[in-house]
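Q: The sequence isn't on hand, but the structure is:
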């Protein structure tokens, strides 16, 4: 009987781990509003003052960062009025601290006034980035 309880507990823990892991995976790459961080010092980040900027943090050792670069390059090709800035988190940890970047890759969309409007961790889809940028371009 004791062995049966142990097996049931192991199955329950594995099931819970699976559910939590799935929820975390579903949130990766989702754009979220970044207006709560609107008072962040963005000086020296190379943001455009004439239109929106896609800023993403990367590092040479970050595998998914290359995928983000490809997505952003595709979006930039379709929307040439959108600036693109990439910051190496290892080379500029102060910028990462100022923008509360805790994981890689992190992508932040800034409007022409330098205010962060959307942010995501993980690899965003090109469609999500374009739909977030559309209101900033009009």
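A: Noted; the coordinates are in hand. These numbers were taken from a predicted model, which means no experiment stands behind them.
Q: any idea how far residue 91 is from residue 106?
A: With distances taken as C-beta to C-beta, to the nearest Å, residue 106 is found 15 Å from residue 91. Just so you know, the C-beta spots here come from the backbone N, C-alpha and C atoms, and that holds for glycine as well.
Q: what does residue 125 give?
A: Remark: distance between residue 125 and residue 91 (C-beta to C-beta) = 27 Å.
Q: Who has more neighbours out of those two?
A: Under the neighbour definition other C-beta atoms under 10 Å, residue 125 and residue 91 were set side by side, and residue 125 has more, 14 against 10.
Q: Surely the more buried one touches residue 70?
A: No - shown here, residue 125 and residue 70 do not form a contact pair, counting by C-beta atoms under 8 Å, at 11.6 Å.
Q: what mean pLDDT does the helix ranked longest in the chain have?
A: If each helix of the chain is counted by residues according to DSSP state H, the longest one is helix 2-27. On average, the pLDDT along helix 2-27 is 74.
Q: from the middle of its chain, how far away would that helix be?
A: Helix 2-27 has its C-alpha centroid displaced from the chain centroid by 28 Å (C-alpha atoms, centre = their mean, to the nearest Å).
Q: ok, now stretch 116-136?
A: Taking C-alpha atoms, centre = their mean, one finds the center of stretch 116-136 at 9 Å from the center of the full chain.
Q: End to end on that stretch, go ahead and measure it.
A: Taking C-alpha to C-alpha, to the nearest Å as the measure, stretch 116-136 stretches 11 Å from start to finish.
Q: in the chain, which spans are strands?
A: 32-33, 53-58, 83-88, 106-110, 116-121 (DSSP state E).
Q: Which among those strands is found nearest to residue 19?
A: Closest to residue 19 of these is strand 116-121 (C-beta to C-beta; 20.0 Å).
Q: can I see the domain layout of this protein?
A: Following automatic domain parsing, one gets these domains for the chain: 1-29, 31-137.
Q: Quick check: mean pLDDT of the last one?
A: When you say that, I think you mean domain 31-137. Across domain 31-137, pLDDT averages out at 87.
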